[in-house]
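> structural data only, the sequence is not supplied:
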Ligand code: C5P
C-alpha cells in the first residue's frame, strides 16, 4: 500500500518539532518516528561499548547492530546522549546504516496506519524527498536553550545553562556543516518559526498547513 500522507518535519534541537510531530501524528492518525532517537541510541550504544562516538569504526559498529529495545526513553533524552548523537550523525556510514529503517517506516507505517510523521534533520531532503508535506521548524537559539534547560531541570538533571548553550551551539554547527545530509530546509518546505509561539499555536499553524496541502 502506498502511504496516503507522509509528513517530514525537520529542524534544529529544541525547536519544538518533537512535540509538534507527536500531536500531528495523533490528529491525522499517523505513525510517528522520532529519527533523532536512532542517532541517540547509536551514540549511547557506542559509549556503552566503551567506544568513541566520533570514531567511525566504533559508531558504525553500533549503528549496524542497533537494537532499540536496549534503551529506555530516559536513556536517550540526556544531554550526553544528544551530544553523542550529533557526533555519530556526522559520519556518513552511520547515516547510511540508519537510512533503510527510516525509509521503510515511511513506506510501510506500523500499526496499520495509512501514513507517517517523521521528525529529524534530513527527512524532507534525504530520507523522504517525496513526502506529501515538508515543514521546517525553527526557533532562535536563546528560546531553544531556555526550552532545553526547562526540560532537563524538570527531569531532575543537574545542568548548567551555559553548558547547555555551548552544547547546543556545537550541535547546531555540526548538524549544519556536515557534508552529508546537513540540516537545511527542503526547497519546498513550509518554515514555521516557533520562537514566539506556544505549542498550541505551532500545532494549529502546522495542522492548517497540512490540511491546505491535502485538500488540493
Ligand atoms: O532531534 P534530536 O535532538 O533527538 O537529534 C539528536 C541528534 O541526532 C541531532 O543533533 C542530529 O545530529 C542527529 N540527527 C540527524 N538526523 C536526523 C535526526 C537526528 O542527524 N534525521
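On my side now, so go ahead. Remember, it's a predicted structure, so these values are computed and weren't measured experimentally.

> skipping adjacent residues, who's closest to residue 41 in space?
Of all residues beyond its chain neighbours, the one nearest residue 41 is residue 71 (5.0 Å), with distances taken as Cβ to Cβ, 6 or more residues apart in numbering. (Glycine included, C-beta is placed from N, CA and C.)

> ok, now which ones touch that neighbour?
37, 40-41, 44-45 (Cβ atoms under 8 Å, 6 or more residues apart in numbering).

> these also near the ligand: which ones?
Among those, the ones lying near the ligand by Cβ under 6 Å from any ligand atom are residue 40.

> if we can go back for a sec, mind checking pLDDT for the residue nearest to residue 41?
The confidence metric pLDDT takes the value 97 at residue 71.

> residue ranges in the protein under the pLDDT threshold?
Low-confidence regions of the chain, defined by pLDDT under 70, span residues 1-3, 216.

> show me which residues of this protein sit near the ligand.
Applying Cβ under 6 Å from any ligand atom, we find that the chain lies next to the ligand at 13, 35-36, 39-40, 82, 85-86, 89, 120-122, 171, 175.

> now do 5 Å
Neighbours of the ligand within the chain, by Cβ under 5 Å from any ligand atom: 13, 35-36, 39, 85-86, 89, 120-121, 171, 175.

> give me the sheet partners of whichever strand or helix holds residue 136 and which way each runs.
When elements are defined using DSSP states H and E, residue 136 is found to belong to strand 133-138. Partner strands for strand 133-138, per DSSP bridges, with pairing direction: strand 5-10 (parallel), strand 190-193 (parallel).

> will you turn those strands into a markdown table that also has mean neighbour count?
Below are the strands paired with strand 133-138 laid out as a markdown table (neighbours: other Cβ atoms under 10 Å):
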| stretch | mean neighbour count |
| --- | --- |
| strand 5-10 | 27 |
| strand 190-193 | 17 |
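
> I'd like those strands as TSV, with distance to residue 180 appended.
Rendered in TSV, the data for these read as follows (distance: least, Cβ to Cβ, whole Å):
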stretch	distance to residue 180
strand 5-10	15
strand 190-193	23
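
> please name whichever of the ones you listed is nearest to residue 106.
Between residue 106 and the strands paired with strand 133-138, the tightest spacing by Cβ to Cβ is seen for strand 5-10, at 5.2 Å.
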